[in-house]
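Colleague: return a 3D structure for these sequence lines:
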Amino acid sequence: MNQDPYRAPSSTVPDSSRSKWSLCVAILAFVQVLLALLGAPSMLEMVSSGDVSMVLFGAYWLATASLLVGGAMLLWRKPLAAMVLCALSALGMSAALIDWRPLLSITGFGIALVGALVALSVIRRGPAAQV
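Modeller: Next comes the predicted model:
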């Protein structure tokens, strides 16, 4: 035990809690997209009958796609792109919540916000700490 307590450790230990959060957000985004794909036929029927406008339908699907890509960017350690995509996804999901309130847009909004916060925490940690 000849270690100097005032010296920085020679080996850096990565913070695995942030990588666990990134993995959780990516898995939740993937499940969100799968559930949205399962509900796509009923959504298309609602659009064709005129219950939902095409603009809100398009905003919902663009937000779902950007959530999936944002989750993948978290796994690929691209936090700035992940933060932007998750923020755009949250914006699109909130646009879908204006008139049409599917349960998936509420959960998608929450997942997108958590994804943006996880990406922000990775950015604030700094480039030297990203392993």
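
Colleague: C-alpha from now on. contacts and neighbour counts both.
Modeller: Fine.

Colleague: quick one, strands of this protein?
Modeller: Ranges of strands in the chain, per DSSP state E: none exist.

Colleague: tell me where it has helices.
Modeller: Residue ranges of the helices in the chain, as given by DSSP state H, are 16-38, 40-49, 54-75, 79-99, 103-125.

Colleague: shaky segments in the chain?
Modeller: Along the chain, the parts satisfying pLDDT under 70 run over 1-2, 8-18, 126-131.

Colleague: try 50
Modeller: Filtered on pLDDT under 50, the chain yields the residue ranges 129-131.

Colleague: now stretch 58-71: buried residues?
Modeller: Neighbour counts over stretch 58-71 (16 or more other C-alpha atoms under 10 Å) mark 59-71 as buried.

Colleague: what is the nearest of the residues you listed to residue 89?
Modeller: For residue 89, the closest of these turns out to be residue 63, at 4.1 Å, with distances computed as C-alpha to C-alpha.

Colleague: assess the claim that that closest one and residue 84 are in contact.
Modeller: No - the pair residue 63 and residue 84 does not pass the contact test of C-alpha atoms under 8 Å, sitting 11.7 Å apart.

Colleague: which residues are in contact with both of the two?
Modeller: Taking C-alpha atoms under 8 Å, 6 or more residues apart in numbering as the contact rule, residue 63 and residue 84 touch no residue in common.

Colleague: of the buried residues of stretch 58-71, closest to residue 27?
Modeller: residue 71 (7.8 Å).

Colleague: skipping adjacent residues, who's closest to residue 79 in space?
Modeller: Once flanking residues are discounted, residue 79 sits nearest to residue 119: 4.8 Å by C-alpha to C-alpha, 6 or more residues apart in numbering.

Colleague: quick check: the one you found touching residue 82?
Modeller: Yes - taking C-alpha under 8 Å as the contact criterion, residue 119 and residue 82 are neighbours in contact, 6.2 Å apart.

Colleague: right, I'll call it a day here.
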